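> have a look at this prediction, sequence included:
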Amino acid sequence: MKDLRQLIETKLASTDSPDPFMDTVKDVLIKIAEYQEQFLEEVRLNIASSYDSTGSTDVFTTLIEKTQLQKYNNIFFPIVDPSRLRDTEILRNIKKQIAFKFDTCYVHLGYDALKEWIEKDCRFEGKLIDKNGTEYAFNFKLYKNYDYEKIEEELYHVFYKNNIEWRTINSPYIRKMFDIIICDHMDDTSSIEEIHRIELNFGDLEKYIYREYIPVWNIEIREELCLQKRPKVLPLEEKNYYKYDLSIENDGEETVLLDSEDIEIEGITREGDQLTVLTLEEANRSYWKLYSFKPINSLRDISRDIKHPIFSNHQRPYSSHKNTFKYFLKTAAEIKGIVVSHDDLKEWNILDLQVLDDYEGGIYGEDYNVFIKNRLIPYDLRKIILIVFDVKEKNEFTYDLLHFIFSQLQLIFPEYRWRGELK
């Protein structure tokens, strides 16, 4: 910017205009140059700094009846769109006798029981009753639904793009969601004109099936219209930056993350109720995808009205917390601190912790962060950390919590494999 000032002075000195007039012009142009210098310095600071999320990115999840969604629509949101096929689409598939996804359900079983049931590859019986009362028999199967885990992976990439540290999501429900697939038709269905009802018989599994409940979390995903029709172009250091302003006036102090999709973000800043995005290329879009994390300040009050447990990855501070992440102090005390700092594991006690070259027994931790690849250390070369837990009250979520904490520990200590035993 000093070169611009010198250029102004040189150009004005070469003119034949009276000195008083030129002094005035020089003062005005120098002030403009200084203003531009100050403005571009602010842009440099915006670009140099990542979006500083001062709010919380804790994720809370639970299971809510579909009819109750409106009651909690300012706190909890469906993780996956709960819409079903229309009756006309169902009828068309049935008349063609093709396999199709009829519905989705939650299966309320513990990890071992659920795994055993999946291995049986069961078929169930159902029937369709048309408007005339005629019955048509069919078979259906349950297949694991992976839509929820895909959304979880998408959220991980949003964290990464916003330079926010990822923490494992503690949601047992999303890994127990199944698609109901109508697959085998026993009767000729070509003459059905209208469906009166469809009945499904889950047999011994019936009491564990929740068709009218869906997993929810405290994250609102929405598209926000850019406040200006065209981005403001900011020339800086031989590059053009494009500035987009988004309104987040309805988010208060909530943490808001941006999904840039295919656009490379150079900087994100938040000031009041506005989010400013800087890019190196012009984004051919009017809407941007935002993730708003709704704070849950009084979990006790909310949980009174919700039938199913609310799980979270909220972590309380504990001694040497920062050192654990920065320097990886791998001690039994540090691992214990990580475990008990999570609200849902505060009643768990560690009875023993061993580092082993190999171990055949114990519970294998299912990696909830399988989409994060660790190629630096081959799996077979990692030592095993065996943790023996004292869990006073075991239930259908005990193994899920074990998988959750092992997945989080795997993020912090990627050079180990994890095994657990429950006493």
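Now that the structure is in, tell me what you want to look at.
> residue nearest the middle of the protein, spatially speaking?
L155 (3.3 Å; CA atoms, centre = their mean).
> S407 contacts I372, correct?
No: counting by CB atoms under 8 Å, S407 stays clear of I372, with 9.4 Å between them. Every C-beta, even on glycine, is put in place using the N, C-alpha and C of the backbone.
> the more surrounded of the two?
S407 (21 against 16; other CB atoms under 10 Å).
> contacting residues around that one?
Contacts for S407 (CB atoms under 8 Å, 6 or more residues apart in numbering) come out as 168, 365-369.
> before we move on, what about Q315?
167, 338, 341-343.
> what about it, distance to Y399?
Separation of Q315 from Y399 (CB to CB, to the nearest Å) stands at 21 Å.
> wait, a helix at the residue nearest to the centre of the chain?
Yes: residue state for L155 (DSSP: H, G, I helix; E, B strand; the rest coil) corresponds to a helix.
> can you list the domains in this protein?
Domain ranges of the chain: 2-48, 83-212, 221-293, 316-422, per automatic domain parsing.
> my guess is L128 contacts T189. True?
Yes: here L128 lies in contact with T189, judged by CB under 8 Å, at a distance of 7.5 Å.
> quick check: neighbours shared by these two?
With CB under 8 Å, 6+ apart as the test, L128 and T189 both reach 94, 136.
> settle it for me: which of the two has more neighbours?
The neighbour comparison of L128 against T189 (other CB under 10 Å) goes to L128, with 22 against 17.
> can you get me a residue count around Y241?
If we define neighbours as other CB under 10 Å, then Y241 has 21 of them.
> where do the strands sit along the stretch 301-423 of the chain?
311-312, 349-356, 363-364, 383-390, 416-422 (DSSP state E, counting those that start in this stretch).
> just the CA atoms of the last one, as CSV, please.
Right, strand 416-422. Taking Å, rounded to 0.1, in the frame of the first residue of the first chain, the C-alpha atoms of strand 416-422 are listed here in CSV:
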residue,chain,number,x,y,z
TYR,A,416,-3.6,-49.0,19.7
ARG,A,417,-6.4,-51.6,19.3
TRP,A,418,-9.0,-51.7,22.1
ARG,A,419,-10.6,-54.6,23.9
GLY,A,420,-13.0,-54.6,26.9
GLU,A,421,-14.4,-56.8,29.6
LEU,A,422,-17.4,-56.1,31.7
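> for that strand, packing partners?
The contact analysis (3 or more CB pairs under 8 Å, 6 or more residues apart in numbering; DSSP states H and E) places strand 416-422 against strand 363-364, strand 383-390, helix 398-412.
> now with 6 Å?
Using 3 or more CB pairs under 6 Å, 6 or more residues apart in numbering; DSSP states H and E, the elements in contact with strand 416-422 are strand 383-390.
> and the angle from the strand it packs on to strand 416-422?
20 degrees (axes from the mean of the first three to the mean of the last three CA atoms, to 10 degrees).
> other SSEs contacting strand 383-390?
Strand 383-390 packs on strand 349-356, strand 416-422, going by 3+ CB pairs under 6 Å, 6+ apart.
> can you check which of those gets nearest to F140?
Relative to F140, the nearest member of those by CB to CB is strand 416-422, separated by 34.7 Å.
> strand partners of that closest one, parallel vs antiparallel please.
As defined by DSSP bridges, the strand partners of strand 416-422 come to strand 363-364 (antiparallel), strand 383-390 (parallel).
> residues making contact with the last one?
Defining contact as CB atoms under 6 Å, 6 or more residues apart in numbering, one finds that strand 383-390 is touched by 348-356, 359, 362, 416-423.
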